[in-house]
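1. Predicted model, plus sequence, below.
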Amino acid sequence: MKRMGSKQVLVPTVSCLLLLFCLGCKCLALELEATQTATLKVDASSQLARKIPDTLFGMFFEEINHAGAGGIWAELVSNRGFEAGGLHTPSNIDPWSIIGNDSSIFVATDRTSCFSRNIIALRMEVLCDECPAGVGIYNPGFWGMNIEDGKTYNLVMYVKSAEAADLTVSLASSDGLQKLASVTVPVAGTSNWTKVEQKLIAKGTNRTSRLEITSNKKGVVWFDQVSLMPSDTFKGHGFRTELISMLLDLKPRFLRFPGGCFVEGEWLRNAFRWRESIGPWEERPGHFGDVWHYWTDDGLGYYEFLQLSEDLGAAPIWVFNNGISHNDEVSTAAIAPFVKDVLDSLEFARGSANSTWGSVRAAMGHPEPFPVKYVAIGNEDCGKKYYLGNYLKFYNAIRESYPDIQMISNCDGSSKPLDHPADLYDFHVYTDSKTLFNMKGTFDKTSRTGPKAFVSEYAVWRTDAGRGSLLGSLAEAAFLTGLEKNSDIVQMASYAPLFVNDNDQTWNPDAIVFNSWQQYGTPSYWMQKFFRESSGAMIHPITISSSYSGSLAASAITWQDSGNSFLKVKIVNFGSDTVSLTISVSGLQASINALGSNATVLTSSNVKDENSFSNPNKVVPVTSQLRNAAEQMQVTLAAHSFSSFDLALAQSELVAEM
Ligand code: AHR
């Protein structure tokens with residue numbers, strides 16, 4: 001455990017002042033050693049305990065920063081259907097490129113695909129006969145494909161060639177020199193498209209590989225829908241396993257998806273459309289997300305988001321476009337088709353396998369309905385010209401068809417009542433660390449009646465956030481203790497954004513940073529782990545007495561899991577002094593066992609410290625045994641730290657209490 005209990009100075013203020021006078025600048029170092037004192041009283045009696053909603057802490061997944069395409073969606077080929085350049089032909093085929101030169105190969109898109117919803121295909125004309133090294137095309141994926149020794153990769157592609165040809169499909173290093181896998185794919189001469197399926201087993205590891213398709217025979221071959229998936233994805237559902245493990249570790253209770261601004265679009269024509277993102281992957285047109293400026297093939301579509309929620313054990317929260325983007329709006333008079341579209345999306349998720357849209361879901365492999373119980377009507381659109389009118393159309397139609405679905409308004413109801421019906425209202429906050437720390441009381445004065453709050457986006461950002469600093473995470477932790485305390489009216493909360501592919505950071509900071517083969521949690525990720533037992537737990541009143549209380553934020557819960565019960569006291573020390581803290585627990589009907597009690601601390605030597613690929617564990621929680629765990633106990637809080645004291649409770653007595 002880092003720094004806990006070191007150098008306690010009992011009369012800090014006086015000693016520091018004297019040293020300041022005598023030694024000038026040397027005082028700074030000693031000032032950091034000054035110790036404050038505080039007492040934290042927990043009243044754990046059952047009369048004052050309140051159950052925290054089962055849904056309090058979850059996740060917000062947005063297709064931002066290549067979180068999905070080139071992120072949790074394991075597809076290795078980018079622009080697999082050649083649609084990213086648009087419907088004009090010839091179009092840009094980025095990131096595909098040629099192997100060979102102008103005299104040996106000519107490629108261009110045309111509209112000859114066998115898929116009517118994504119009509120663009122690639123025509124490749126090999127100009128050389130007996131081309132010595134083979135010429136063709138390659139796809140580098142999303143900043144390189146992570147190809148690992150011994151692993152299997154499933155290639156699917158559609159090809160057409162008037163004359164028989166032998167194609168060579170390879171996984172190769174980014175310069176093409178190292179071949180990790182190579183197979184020959186014979187293509188029959190026919191005027192029809194053929195689906196090719198081939199397994200490639202890697203004989204070597206290269207983190208920035210590319211997929212190559214070459215030929216050495218003069219002729220023309222068309223390609224479309226070229227996909228390369230690793231065979232080992234999470235539950236075989238197409239998700240990158242190691243990134244999903246990081247999500248599971250936080251025990252998310254809900255998953256809000258697929259955005260954010262991604263749902264709105266800069267323009268409505270570029271907004272996420274669920275209908276275009278379902279069905280066989282080969283037939284999805286894909287779309288350009290114009291807010292975050294990248295193309296997605298929509299392999300991670302509406303169905304996959306529902307599947308992801310199920311795989312995480314999280315309640316799905318479907319944020320749909322309400323006919324409003326950043327720059328254009330559908331008037332309320334014309335919104336009816338959009339309302340029908342959303343009702344269809346709900347039938348897709350919840351309808352029986354015999355219903356029109358439920359049958360499409362069943363055909364995709366999920367006959368049982370997905371339990372969509374929450375929808376958000378738009379994102380950050382409150383106050384826009386047609387928001388209220390459109391909102392009411394969606395609200396009334398959904399209420400009539402799905403009375404149990406809880407609807408989330410974009411308008412903030414934390415300081416004044418909403419002027420429209422809603423089950424929840426959305427609350428977003430991105431601010432500096434001091435402000436967020438001080439916002440821990442935000443909901444203290446909110447009316448206890450009316451719609452509940454959904455804090456669906458919160459984070460410290462800009463100057464003091466770095467690329468995800470300890471400082472930011474401490475302020476966020478303090479804010480969350482305030483949400484726990486106000487969880488009679490705050491029903492859900494999620495950090496934003498969740499993911500960033502290090503090669504395309506459009507939003508900073510983020511909780512999980514990854515590239516094609518590595519990942520790490522920022523301190524804001526680790527901070528959330530301290531709250532993973534909170535949803536559904538009992539919260540208890542606490543009081544802090546200290547002249548330093550302005551720098552402290554705390555909460556106390558009791559929770560149980562597979563036979564173990566704990567009183568968990570979490571406390572943020574936002575200040576630069578260490579604190580000698582007395583924890584005093586009353587009202588517990590169970591006794592505290594030192595055996596099985598732990599302290600976990602998130603801190604670092606510098607409050608601006610961050611994690612990185614080269615040092616992913618610089619700021620991570622460190623757990624140690626709490627040998628002095630008892631109803632009255634003394635602990636030390638490091639400067640700039642977030643601590644959790646998990647006190648093991650004698651189980652039989654606790655069951656009676658809860
Ligand atoms: O989380 C990033 C963005 O912040 C979201 O897309 C949007 O809802 C908010 O403005």
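-> That came through fine. Numbering: from 1, shown residues only.

2. any chance you could map the strands in the stretch 251-400 of the chain?
-> 254-257, 287-289, 294-296, 315-320, 374-377 (DSSP state E, counting those that start in this stretch).

3. Mind telling me what element the residue lying closest to Lys434 once chain neighbours are set aside is part of?
-> If the residues on either side of it in the chain are set aside, Lys434 comes closest to Ala475, at 7.2 Å by CB to CB, 6 or more residues apart in numbering. (Glycine included, C-beta is placed from N, CA and C.) The secondary structure element spanning Ala475 is helix 470-485 (assigned by DSSP states H and E).

4. next structured bit after that helix?
-> Sequence-wise, the next helix or strand downstream of helix 470-485 (DSSP H and E) is strand 490-495.

5. Could you give the bridge partners of the nearest residue to Tyr548 once chain neighbours are set aside?
-> In space, and not counting its chain neighbours, Tyr548 is closest to Gln36: 3.9 Å by CB to CB, 6+ apart. Note on Gln36: beta-bridge partners by DSSP bridges are Val579.

6. Please work out how many residues are found near Gln36.
-> Neighbour count of Gln36, defined by other CB atoms under 10 Å: 22.

7. Now that we're looking at it, what pLDDT does it have?
-> We note a pLDDT of 97 for Gln36 in this prediction.

8. cool, the one 3 residues further on as well?
-> Per-residue confidence (pLDDT) for Thr39: 98.

9. Could you count how many residues lie near the residue nearest to Gly204 when sequence neighbours are not counted?
-> Excluding the flanking residues, the one nearest Gly204 by CB to CB, 6+ apart is Leu180, at 4.7 Å. Other residues lying near Leu180 total 22 when counted by other CB under 10 Å.

10. what kind of secondary structure is Leu180 in?
-> Counting by DSSP: H, G, I helix; E, B strand; the rest coil, the backbone at Leu180 sits in strand.

11. so it touches Val169, yeah?
-> No: using CB atoms under 8 Å, Leu180 makes no contact with Val169, being 11.8 Å away.

12. got the buried residues for stretch 119-136?
-> Ile119, Ile120, Ala121, Leu122, Arg123, Met124, Val126, Cys128, Cys131, Gly134, Val135, Gly136 (16 or more other CB atoms under 10 Å).

13. Which of those scores worst on pLDDT?
-> Cys131 (89).

14. Who are the contact partners of that residue?
-> Applying CB atoms under 8 Å, 6 or more residues apart in numbering, we find Cys131 in contact with Gly100, Ser104, Ser215, Asn216, Lys217.

15. Try it again at 10 Å.
-> Each residue near Cys131 by CB atoms under 10 Å, 6 or more residues apart in numbering is listed here: Ile99, Gly100, Ser104, Ile105, Thr214, Ser215, Asn216, Lys217, Lys218.

16. does the closest residue to the fourth one other than its chain neighbours have beta-bridge partners, and which?
-> Across the structure, with CB to CB, 6+ apart as the measure, the residue nearest Ile105 apart from its sequence neighbours is Val135 (4.3 Å). Per DSSP bridges, the residues bridged to Val135 are Ser215.

17. And the one 4 residues further on, by the same measure?
-> Counting by DSSP bridges, Asn139 is bridged to Leu211.

18. got the phi/psi numbers for the closest residue in space to Trp281 that isn't next to it in sequence?
-> Excluding its sequence neighbours, the residue lying closest to Trp281 (CB to CB, 6+ apart) is Gly299, at 5.5 Å. Dihedral pair for Gly299: phi -60, psi -40, per degrees, to the nearest 10.

19. distance of Gly299 from Gly279?
-> Going from Gly299 to Gly279 by CB to CB, to the nearest Å gives 12 Å.

20. So these two - more neighbours on which side?
-> When neighbours are counted by other CB under 10 Å, Gly299 and Gly279 differ, and Gly299 comes out ahead with 20 against 16.

21. Quick check, pLDDT for the more buried one.
-> pLDDT, read off for Gly299, is 98.

22. Same check on Gln518?
-> pLDDT recorded at Gln518 is 98.

23. Near it, how many other residues are there?
-> What Gln518 shows, counting by other CB under 10 Å, is a neighbour count of 14.

24. contacting residues for the closest residue to it other than its chain neighbours?
-> In space, and not counting its chain neighbours, Gln518 is closest to Phe613: 5.4 Å by CB to CB, 6+ apart. The contact partners of Phe613, taken as CB under 10 Å, 6+ apart, are Asp502, Val513, Phe514, Asn515, Trp517, Gln518, Gln519, Tyr520.

25. can you list the residues you listed in JSON lines and add secondary structure and distance to the ligand?
-> Output for the contacts of Phe613, formatted as JSON lines (DSSP: H, G, I helix; E, B strand; the rest coil; distance: CB to the nearest ligand atom, whole Å):
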{"residue": "Asp502", "secondary structure": "coil", "distance to the ligand": "17"}
{"residue": "Val513", "secondary structure": "strand", "distance to the ligand": "15"}
{"residue": "Phe514", "secondary structure": "strand", "distance to the ligand": "17"}
{"residue": "Asn515", "secondary structure": "coil", "distance to the ligand": "20"}
{"residue": "Trp517", "secondary structure": "coil", "distance to the ligand": "25"}
{"residue": "Gln518", "secondary structure": "coil", "distance to the ligand": "23"}
{"residue": "Gln519", "secondary structure": "strand", "distance to the ligand": "19"}
{"residue": "Tyr520", "secondary structure": "strand", "distance to the ligand": "20"}
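
26. Just the buried residues from those, in ChimeraX please.
-> Applied in ChimeraX, the following selects the buried portion of the contacts of Phe613 according to 16+ other CB under 10 Å:
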select :502,513,514,515,517,519,520
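
27. Among the contacts of Phe613, which one sits closest to Gly71?
-> When the contacts of Phe613 are compared for distance to Gly71 (CB to CB), Phe514 wins out at 6.8 Å.

28. Please report how far the closest one lies from Val569.
-> 33 Å.

29. Report how many residues lie close to the residue in the stretch 151-300 of the chain positioned nearest to the ligand.
-> Going by CB to the nearest ligand atom, the ligand is nearest to Gly260 of the stretch 151-300 of the chain, at 2.7 Å. Residues lying near Gly260 (other CB under 10 Å) number 26.

30. Kindly report the same for Phe566.
-> Using other CB under 10 Å as the criterion, Phe566 is surrounded by 24 other residues.

31. for Ala44, same thing?
-> Other residues close to Ala44 by other CB under 10 Å number 27.

32. what residues are up against the one residue in the stretch 351-500 of the chain that gets nearest to the ligand?
-> Nearest to the ligand, among the residues of the stretch 351-500 of the chain, is Ala496, at 3.8 Å (CB to the nearest ligand atom). If you count contacts by CB under 10 Å, 6+ apart, Ala496 has them with 59-62, 64, 256, 259-260, 428-430, 455-459, 461, 507, 510-511, 524.
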